[in-house]
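K.L.:
here you go, sequence then predicted model.
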Amino acid sequence: MLQAVQGVELVRQRGMIEPSADITIRTCHLSKSFGGIQALDDLSLEIPKGAVYGLIGPNGSGKTTLFNVLTGIYAPSNGRIEFDGRDLTSLGPPAIYRSGIARTFQRSRLNLALSVFDNVVLGHVAARSAGLIQGVLKIGVGKRDIPDAVNKVRSLLAVFDDGLPERLWERVDLLPMIDRRRIEICRALVGDPKVLLLDEPSAGMTHDETDRLMDDILSYKRHHPELTVVVIEHEMAVIEKITSICAVLNFGKLLAEGSYREVAAHPLVQEAYLGAT
Amino acid sequence: MLRQAGASKLRERIIALVIAGAIGVFCHRILTERSDVVLVCLLLFGACVLWLCGSEKFAPGIRRGYERNSVFVHLWSSIMVVAVALSLRADPFALHLLSTALIFAAVSAALNLQFGFCGVLNFSAAGFFGLGAYTAALLSPLGLDGTIVLLAAGVVAGMTGFLLALPIVRTRGHYAAVITIAFGIMFRNLLEVTDAVGGPQGLKVDGLSFFGYRLNENLGIYSCSFFFNYVLVSLALLAAFVFVMRRIDGSFVGIGFDSIRLDETTAACFGLDIWRWKLSAFTMGNAMLAIVGALYGSMLGYVAPSNFSFSDSLIFVSIIILGGIGSVWGGVIAAVIVVLLSEKLQPIQEYRFLIFSTLVVLVLLFRPQGLMRRPLREFSQET
């Protein structure tokens, strides 16, 4: 434990995280236990604004639990979450989403019986919750609700695939896995979040598909430099390619933090994760 | 190009006219037919046509035509109902049936808002329907205007539903359904033991009057039965409900409801306060139920606890399952079928519910989405 924290300090001292860098999400001594299992154990992370931040670690190391605590699905057993200086610890998922944190899920959670548009626009509905009644009555600002949303969803989908805007009214379960993953990411992006949490975006896809998806995410990111992306990945090539900083979790604790190369070279990480003896 | 589009629109409208006319003549025949053999043949014929229209082959075309000419279709089908009612003007029983069918159709719209859209099961629909009827009965000595009585019924049921919903939104799925079942049974028992509302005998309800126009007075002209008035008012309510439902379905609110029904966790993760949405759907649906309930009570002239039992709630729920969950027009058609079947099969008495249940089972077996499957949204014409 002591050694691990020292490891983190070591990486920090090398200047990977500048002390002056803007921090968007900060977790302070965050813990979450399920019965006797300590899924997150005194985890303190600082995620810099505008970074692509990787989360790696063996299965069961608490990565997805961290996402679930960050988005309010689970309340932390201990500790605090700060987002842009605001305390998020006691908020529920809807309030956290509205404050600007959006996510995708490890296992696709699209509404398969609905159309592509209905799925994506869900991320946009809450943003307009003030004018919902006008939307029903089609008065005032409500008149433009649907047409504006259609245009927005179309242009967002086009970032990821040229063919998708044409399939706006098709049921999602008729689409291949890669398109579903794109739709999930678009659903998380359509509300213009400040932080995007990606839970294993490469799961269930081929190498080439993953490559393309990552390129698309990076190209979206280039147009939105202020967006912070936190990505959980098992595919080390993905982490190496897209992240500027990554953190290694093990048994709910922070093992190391730094650039991929530094983290991968760290002896504790090699021992815990990459399988070196 | 434009001319071609105009011509195809005209063709679609003519087809809509013919279809609505045929449905009108068909319903008229069923309402007036006295011979059992002919009646059974008519019903079988209607069932076959319905089955075909809802099939994968024909439904998309019909739907597209309907969406393109929706205002026209609504207007024309309303005119058709009035025409059928006028032709039956001297037959109070047939008019009563027609009005009941329209009221049940409005009930199915309210239930579709709760269950079909938002996924809140309500097994006490008859309870809220009855709450409206009892409100009308209790208010009737005061001689208030009909609009105020209907609104009051809506407010009373909305508030009651709001209180009932507080435990419901904290539970999920089956548990919420059990709470509504308990309310439905409690409501009836409470009525039976409360002498202030007439106990088991129930209460008398004076007919509603709108702006000085009394619904229970026969029109002086054409030897028209006063039930004709009720057909008109229930048609107006149904039209209003269908309008509201279609507007909700075609807005962000409808998309939010769908998302909550299909996956609450995801909906919450995208910023929807689940309990608030469910509470709105439940409250609004109950208010709608009570408004038509008040009209129903006023039409019957009396209200009694036995009219609003748990089995009536089950019939209401089976109407929306039969029509297609979430399908507004499916609910309307199923309501007409249920009302006509249960009245027209009177001669075989206790077997009619057997036939009705068989019908529901058959539909669930061979077309689980109901007679008219609810279509996917498509806004491609709006941009």
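P.N.:
All right, it came through fine.
K.L.:
who are the neighbours in contact with the closest residue to chain A within the stretch 201-350 of chain B?
P.N.:
Distances between the stretch 201-350 of chain B and chain A by C-beta to the nearest C-beta are smallest at B:Gly271, namely 2.6 Å. (C-beta placed from N, C-alpha, C; glycine too.) Under the criterion of C-beta atoms under 8 Å, 6 or more residues apart in numbering or on different chains, the contact list for B:Gly271 reads A:Pro94, A:Tyr97, A:Arg98, A:Gly123, A:Val125, A:Ala126, A:Ala127, A:Ser129, A:Gly191.
K.L.:
check the fifth one and give its pLDDT.
P.N.:
Looking at A:Val125, its pLDDT stands at 88.
K.L.:
and it, how many neighbours?
P.N.:
Applying other C-beta atoms under 10 Å in any protein chain shown, we find 26 residues neighbouring A:Val125.
K.L.:
check whether residue 132 sits in a helix, strand or coil.
P.N.:
I'll assume chain A. Per DSSP: H, G, I helix; E, B strand; the rest coil, the local secondary structure of A:Leu132 is helix.
K.L.:
if you could check chain B rather than the one you did, that'd help
P.N.:
Of the three states, B:Gly132 takes helix according to three-state DSSP.
K.L.:
picking that back up, so the residue of the stretch 201-350 of chain B closest to chain A versus A:Thr71, what's the distance?
P.N.:
Here B:Gly271 is placed at a distance of 11 Å from A:Thr71 (C-beta to C-beta, to the nearest Å).
K.L.:
okay if I get the contacts of B:Gly271 as CSV plus secondary structure?
P.N.:
Compiled in CSV, the contacts of B:Gly271 are given as follows (three-state DSSP):
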residue, secondary structure
A:Pro94, helix
A:Tyr97, helix
A:Arg98, helix
A:Gly123, helix
A:Val125, helix
A:Ala126, helix
A:Ala127, helix
A:Ser129, helix
A:Gly191, coil
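K.L.:
you'd agree the residue of the stretch 201-350 of chain B closest to chain A is in a helix?
P.N.:
No - assignment of B:Gly271 by three-state DSSP gives coil, placing it outside any helix.
K.L.:
what is the subsequent helix or strand relative to the helix or strand where B:Val231 lies?
P.N.:
If you go by DSSP states H and E, B:Val231 is part of helix B:227-249. Per DSSP H and E, the first helix or strand lying C-terminal to helix B:227-249 is helix B:252-262.
K.L.:
can you give me the angle that next one makes with helix B:227-249?
P.N.:
Note on geometry: by axes from the mean of the first three to the mean of the last three C-alpha atoms, to 10 degrees, helix B:252-262 and helix B:227-249 are set 80 degrees apart in direction.
K.L.:
B:Cys41: neighbouring residues, count only.
P.N.:
With neighbours defined by other C-beta under 10 Å, the count for B:Cys41 comes to 12.
K.L.:
residues that sit against both of B:Gly271 and A:Thr71, list them.
P.N.:
Taking C-beta under 8 Å, 6+ apart as the contact rule, the neighbours common to B:Gly271 and A:Thr71 are A:Tyr97.
K.L.:
point out where chain B drops to low pLDDT.
P.N.:
Chain B contains residues with pLDDT under 70 at B:1-5, B:218-223, B:349, B:381-383.
K.L.:
tell me the residues of it that contact chain A?
P.N.:
Within chain B, the positions adjacent to chain A are B:244, B:247-248, B:250-253, B:255-256, B:258-259, B:262-263, B:265-274, B:376-380, B:382-383 by C-beta under 8 Å from any C-beta of the partner chain.
K.L.:
contact residues of the stretch 151-277 of chain A facing chain B?
P.N.:
Checking the stretch 151-277 of chain A against chain B by C-beta under 8 Å from any C-beta, the hits are A:Asn151, A:Leu168, A:Trp169, A:Arg171, A:Arg187, A:Gly191.
K.L.:
give me that answer again for 7 Å
P.N.:
For the stretch 151-277 of chain A, the residues found near chain B under the criterion C-beta under 7 Å from any C-beta of the partner chain are A:Asn151, A:Trp169, A:Arg171.
K.L.:
chain B: which of those residues is nearest?
P.N.:
Minimum distance to chain B across these is 4.6 Å, recorded for A:Trp169 (C-beta to the nearest C-beta).
K.L.:
could you check how many residues crowd around the closest one?
P.N.:
Based on other C-beta under 10 Å, the number of other residues close to A:Trp169 is 15.
K.L.:
B:Ser55 now?
P.N.:
Other residues near B:Ser55 come to 12 when the count uses other C-beta under 10 Å.
K.L.:
now it: phi and psi?
P.N.:
Listed backbone geometry of B:Ser55 is phi -70, psi 160, with angles given as degrees, to the nearest 10.
K.L.:
gap between it and chain A?
P.N.:
Remark: distance between B:Ser55 and chain A (C-beta to the nearest C-beta, to the nearest Å) = 18 Å.
K.L.:
now that residue: how far from B:Leu86?
P.N.:
Noted for B:Ser55: a distance of 33 Å to B:Leu86, by C-beta to C-beta.
K.L.:
tell me the domain boundaries of chain B?
P.N.:
B:1-87, B:90-350 (automatic domain parsing).
K.L.:
out of these, deepest packed?
P.N.:
Taking mean count of other C-beta atoms under 10 Å in any protein chain shown as the contact definition, the stretch among the domains of chain B with the greatest mean neighbour count is domain B:90-350, which reaches a mean of 21.
K.L.:
which secondary structure state is assigned to B:Thr265?
P.N.:
Assigned by three-state DSSP, the conformation of B:Thr265 is helix.
K.L.:
tell me where chain B has strands.
P.N.:
Across chain B, reading from the start of the chain, the strands by DSSP state E fall at B:203-204, B:209-210, B:213-214, B:302-303.
K.L.:
let me have those in CSV, extended by distance to B:Ile321.
P.N.:
Rendered in CSV, the data for the strands of chain B read as follows (distance: least, C-beta to C-beta, whole Å):
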stretch, distance to B:Ile321
strand B:203-204, 32
strand B:209-210, 34
strand B:213-214, 38
strand B:302-303, 27
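K.L.:
so which of these is nearest A:Ala265?
P.N.:
The minimum distance between A:Ala265 and the strands of chain B falls on strand B:302-303, with 80.9 Å, by C-beta to C-beta.
K.L.:
that closest one: partners in the sheet, and parallel or antiparallel?
P.N.:
For strand B:302-303, the paired strands and their directions (DSSP bridges) read strand B:203-204 (antiparallel).
K.L.:
and the gap between the residue nearest to A:Ile73 when sequence neighbours are not counted and A:Pro147?
P.N.:
Excluding the flanking residues, the one nearest A:Ile73 by C-beta to C-beta, 6 or more residues apart in numbering or on different chains is A:Pro93, at 5.8 Å. When C-beta to C-beta is applied, the distance between A:Pro93 and A:Pro147 equals 29 Å.
K.L.:
on that earlier part again, helices or strands up against the helix holding B:Val231?
P.N.:
Packed against helix B:227-249 by the contact rule (3 or more C-beta pairs under 7 Å, 6 or more residues apart in numbering or on different chains; DSSP states H and E) you find helix A:132-137, helix B:70-87, helix B:92-111, helix B:274-300, helix B:328-344.
K.L.:
contacting residues for the nearest residue to B:Ala83 once chain neighbours are set aside?
P.N.:
Take B:Ala83 and drop its neighbours on the chain: the residue closest to it by C-beta to C-beta, 6+ apart is B:Gly24, 6.2 Å away. Under the criterion of C-beta atoms under 7 Å, 6 or more residues apart in numbering or on different chains, the contact partners of B:Gly24 comprise B:Met80, B:Ala83, B:Val84.
K.L.:
just checking, the first one touches B:Ala20?
P.N.:
Yes - under the criterion of C-beta atoms under 7 Å, B:Met80 makes contact with B:Ala20 at 4.8 Å.
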